[in-house]
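Visitor: here is my input; please provide its structure:
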Amino acid sequence: MKPVPSRMILPALLPLLLTGCLEVAQHPAWRAGKYDGKPDDLPQQAYFSSDRLAWNAVLADRTHLQNEYERMAP
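Guide: Residues are numbered from 1 along each chain as shown. Down below sits the predicted model:
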């Protein structure tokens with residue numbers, strides 16, 4: 001049995017050595033047992049300046065024609 005040349009071993013081991021190099025930590029920041037990240041705004045806060053009635057009116061208007069009973073002619 002012939003010995004394997006070292007120039008063939010290195011390219012074969014290189015992918016194994018580099019598999020974990022680019023792993024980025026994906027855990028959120030925790031302080032005092034609570035999540036310390038960016039707060040997520042509610043949709044009515046982001047788009048309607050916290051006007052909940054306007055947000056509900058847009059939702060009701062959007063879903064108005066999705067009711068099959070309202071779409072049928074009597």
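Visitor: so how far is residue 36 from the residue most central in space within the chain?
Guide: Nearest to the geometric centre of the chain sits residue 26, at 11.6 Å (Cα atoms, centre = their mean). Distance check for residue 26 against residue 36: by Cβ to Cβ, to the nearest Å, it reads 15 Å. For glycine as for every other residue, the C-beta is placed from the backbone atoms N, C-alpha and C.
Visitor: what about residue 13, how many neighbours?
Guide: 10 (other Cβ atoms under 10 Å).
Visitor: nope, residue 48 is what I was after
Guide: Neighbours of residue 48 (other Cβ under 10 Å): 16.
Visitor: that one contacts residue 54, correct?
Guide: Yes: with contacts counted by Cβ atoms under 8 Å, residue 48 reaches residue 54, the gap being 4.7 Å.
Visitor: list the contacts of the helix or strand bottoming out on mean pLDDT in the chain.
Guide: Ranked by mean pLDDT, DSSP states H and E, the weakest helix or strand in the chain is helix 68-71, scoring a mean of 74. With Cβ atoms under 8 Å, 6 or more residues apart in numbering as the test, helix 68-71 has contacts from 64-65.
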